[in-house]
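This is a predicted model, with the sequence first.
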Amino acid sequence: MTELNPALVEDAYPLQAHLGFVMTGWAKGYSRFELPLEPFLMNRYGIPHGGVHAMLLDTVMGFSGSYTGDPADKQMAMTLSMTVNYLGQAQGDRLIGEGRVTGGGRKTFFAEGKITDTTGTTIATATGVFRIRGR
């Protein structure tokens, strides 16, 4: 895991804040967010809704390609394509999402994401293509 430099943390945007996403790691080509499991995130089966997994994966992959090292120089990423694989059910008390850049160029990058729970179980994986914006 890459240590988080508190000086580089961005404020959560409204949806992240509402759901409870917490950034716990961010560096060039990498990001990590954690999400405490709350009752409002669960589906009818009592497990986290698949859309929650998809949002967390989209977030970690997008942030993995958006690091600049300078909070005043924000780089944005727009999702062009994303594939999610649901592999297991969360047993712990939070989801841990990690994203890594796997390739790309000047304006487009490819990333992979993985969600585990606090027991270490892999819950979901994803791959995505992102367009760099805002620079």
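That came in fine, so what should we check first?

If you drop the residues flanking it in sequence, what lies closest to S64?
The shortest distance from S64 to any non-neighbouring residue, by CB to CB, 6 or more residues apart in numbering, is to G99 (3.7 Å). For the C-beta atoms, the positions are set from N, CA and C on the backbone; glycine is no exception.

next one: phi and psi at the spatially most central residue of the chain?
Closest to where the C-alpha atoms of the chain average out (CA atoms, centre = their mean) is V60, at 2.0 Å. Dihedral angles of V60 (phi, psi; degrees, to the nearest 10) stand at phi -70, psi -40.

I'd like the distance between it and G88.
17 Å (CB to CB, to the nearest Å).

And P71, by the same measure?
According to CB to CB, P71 stands 35 Å off from G88.

quick one on the thing from earlier: what pairs with the residue nearest to S64 across the strands?
When assigned by DSSP bridges, G99 has beta-bridge partners S31, G113.

show me the contacts for L35.
Applying CB atoms under 8 Å, 6 or more residues apart in numbering to L35 gives the contacts L19, G20, F21, V22, L41, V52, L56, R94, L95, G97.

C-terminal to the worst-scoring helix or strand of the chain on mean pLDDT, what's the next element?
Taking mean pLDDT, DSSP states H and E as the measure, the chain has helix 14-19 as its least confident helix or strand, at a mean of 90. Per DSSP states H and E, the first helix or strand lying C-terminal to helix 14-19 is strand 22-27.

Now do that following strand: which elements does it pack against?
Counting by 3 or more CB pairs under 8 Å, 6 or more residues apart in numbering; DSSP states H and E, the packing neighbours recorded for strand 22-27 are strand 30-36.
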